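Undergrad: Pasting a predicted model and its sequence here:
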Amino acid sequence: MPSAESDLLLQMFQAAVDAAAPKLCLPPHLPLPPRGRTVVVGAGKAAAAMAQAVEAHWPADRPLSGLVVTRYHHGVGTLKRIDVVEAGHPVPDEAGLQAVTRMLMLLQGLAVDDMVLCLMSGGASALLALPAPGLTLADKQAVARALLRSGARIDEINCVRKHLSAVKGGRLAQSARPAKLVTLMISDVPGDAPCVIGSGPTIPDTSTLSEAREVLARYRIEPPPAVAVWLQNPAAETPKPGDPAFASNAATIIATPQKSLEAAAEVARGKGITPLILGDAIEGESAEVARVMAGIARQCALHGQPARPPCVLISGGETTVTVRGNGRGGRNAEFLLALGLALDGYPDIHAIACDTDGIDGTEDNAGALLAPDSLDRALARGIDARAQLADNDGYGFFSALDDLVVTGPTRTNVNDFRAILITHLQADRT
């Protein structure tokens, strides 16, 4: 039976997701219709819901058409004016390649009185799967798989992606000329840098070709021969600030991790619990971040610092997992399992860690819940928590305890949500 603590943590997570719902956060930022046509393009886990919000608020008498691509099972049904295509994520597939090819066809023949409305959200980097000249989809898939297993940060992964793409890293903006270009973005990246969100297909790129090569070298990734050759070609460099392609470009971030953390904090505050937001852009290995968070939680429980219980430590960002085992993981399940081991049954500390898109890595859960008795319940079932962590099998651990959080696709994405609830000061227990 769910505890009061887990119910509160789930309410906070839901508030974080709701704060980034496209139907709420997109309409206030819609541009005025142009004199000519409006063509909608876009990609990401929120792309279908964003397109749906555009249709719902666009004047019926103004031209509107387009195509967006989203992850499989993240659609919203058939829209009347904008096509929605589902494709592979986090490894790109043929459906994504075909969708981008269609997008580029829609952008042909536009005039200065027309407008391109680009809808971007997390996941777009994989979904916009059109390889650079001389590269194949198989080349991009091989690099994507290697990067995802390497423990590289999202900005590092996207740096490489941009330089292997025909549309990312600002290149889509070149195809939209001479129409006005308006980009609306839901941020899923630490720091909310527009050029990193979805690998910035309409944004000037500040990363460089040499940096892309350095990322592969840093993580000891041997790229396919065609990729290695392309990354030595000056033509692989992306368009930079000042390029004419961005002269009529306007870009707005409509939802951020910070806004979602603040929404969750309000839920806690309403229950008389002090929220402490530790950061919206926390990165690092999931297990290492967990050990740091465990130390802060114990300090609260023992000494009332940096907050006196009842309090909740809230954080966002995107941790990473260097995969060494064969288990069913997910960075949020990995974080929670490592947190549980670091706390070792410490009383009165509960936690949740979930991805706001509803999918933790490639699994079917958003994340999981941790309680003070999680390790004991696992041991009673013959489950070795340390072995599970070594095998990157956080999913298997929490599934056995029936403590997975399963929401299905939320059709938005402002990255990970973590909350650690400390209910009592230990001195008050004596």
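TA: Yep, it's here.
Undergrad: give the contact list for M120.
TA: G42, A43, G44, A47, T183, L184, M185, I186, I197, G198, P201, T202 (C-beta atoms under 8 Å, 6 or more residues apart in numbering). Backbone N, C-alpha and C define where each C-beta goes, glycine included.
Undergrad: One more pass at 7 Å, please.
TA: G42, A43, G44, T183, M185, I197, G198 (C-beta atoms under 7 Å, 6 or more residues apart in numbering).
Undergrad: Over to A173?
TA: L181, T202, A245, F246, N249.
Undergrad: wait, doesn't the third one sit right on T238?
TA: In this case it means A245. No - the pair A245 / T238 is not scored as a contact, 10.8 Å apart, by C-beta atoms under 7 Å.
Undergrad: Looking at these two, which is more packed in?
TA: Set A245 next to T238 and count neighbours by other C-beta atoms under 10 Å: T238 wins out with 24 against 19.
Undergrad: Helix or strand: which one has that one?
TA: For T238, there is no enclosing helix or strand under DSSP states H and E.
Undergrad: Show me the common contact partners of A245 and T238, please.
TA: Shared contacts of A245 and T238, defined by C-beta under 7 Å, 6+ apart, comprise G170.
Undergrad: any idea what sits nearest V196, other than its immediate chain neighbours?
TA: Spatial nearest neighbour of V196, chain neighbours left out: V189 (4.6 Å); criterion: C-beta to C-beta, 6 or more residues apart in numbering.
Undergrad: mind checking the SS state of the one you found?
TA: coil (DSSP: H, G, I helix; E, B strand; the rest coil).
Undergrad: which residues does it contact?
TA: Listed by C-beta under 7 Å, 6+ apart, the contact partners of V189 are I154, D155, V196, I197.
Undergrad: how much space between it and A371?
TA: The gap separating V189 from A371 is 31 Å, by C-beta to C-beta, to the nearest Å.
Undergrad: Over to V406?
TA: For V406, the distance to A371 (C-beta to C-beta) stands at 17 Å.
Undergrad: Give me the distance between the nearest residue to H350 once chain neighbours are set aside and C311.
TA: Distances taken as C-beta to C-beta, 6+ apart place E5 nearest to H350, at 4.1 Å, with adjacent residues excluded. Distance, E5 to C311, using C-beta to C-beta: 13 Å.
Undergrad: Then Q426?
TA: As judged by C-beta to C-beta, Q426 and C311 stand 13 Å apart.
Undergrad: Next: E283.
TA: Relative to C311, E283 is positioned 24 Å away (C-beta to C-beta).
Undergrad: More neighbours: which of these two?
TA: Neighbours per residue, other C-beta under 10 Å: of E283 and C311, the larger number sits with C311, 22 against 15.
Undergrad: beta partners for that one?
TA: Note on C311: beta-bridge partners by DSSP bridges are T274, I422.
Undergrad: what about it, distance to I282?
TA: C311 is 18 Å from I282, by C-beta to C-beta.
Undergrad: and if you look at G345?
TA: On the measure of C-beta to C-beta, G345 and I282 end up 25 Å apart.
Undergrad: In terms of packing, which of these two has more residues around it?
TA: It is I282, of G345 and I282, that has more neighbours when counted by other C-beta under 10 Å, with 19 against 13.
Undergrad: For the more buried one, give me its contacts.
TA: Going by C-beta under 7 Å, 6+ apart, I282 touches V289, S315, G316, G317.
Undergrad: Of these - the most surrounded one?
TA: G316 (26 neighbours).
Undergrad: Tell me the first helix or strand C-terminal of the helix or strand hosting that residue.
TA: Assigned by DSSP H and E, G316 falls within strand 311-317. Scanning forward in sequence from strand 311-317 by DSSP H and E, the next helix or strand is helix 331-343.
Undergrad: Please enumerate residues in contact with that following helix?
TA: Contacts for helix 331-343 (C-beta under 7 Å, 6+ apart): 286-287, 289-291, 293-294, 297, 319-321, 349, 351, 353-355, 360-361, 367-368, 370, 374-375, 385-386, 388-389, 392, 394-395, 397-398, 416, 418.
Undergrad: Now, of these, which are buried?
TA: Neighbour counting with 16 or more other C-beta atoms under 10 Å marks 286-287, 289-290, 293-294, 297, 319-321, 349, 351, 353-355, 360-361, 367-368, 370, 374-375, 385, 388-389, 392, 394-395, 397-398, 416, 418 as buried within the contacts of helix 331-343.
Undergrad: Now do the strands in the stretch 51-200 of the chain.
TA: For the stretch 51-200 of the chain, the strands defined by DSSP state E, counting those that start in this stretch cover 65-71, 82-87, 115-120, 180-186.
Undergrad: neighbour count winner among V406 and A371?
TA: A371 (18 against 14).
Undergrad: Regarding the residue lying closest to that one once chain neighbours are set aside, what is its secondary structure?
TA: Distances taken as C-beta to C-beta, 6+ apart place H350 nearest to A371, at 5.5 Å, with adjacent residues excluded. Three-state call for H350 (three-state DSSP): strand.
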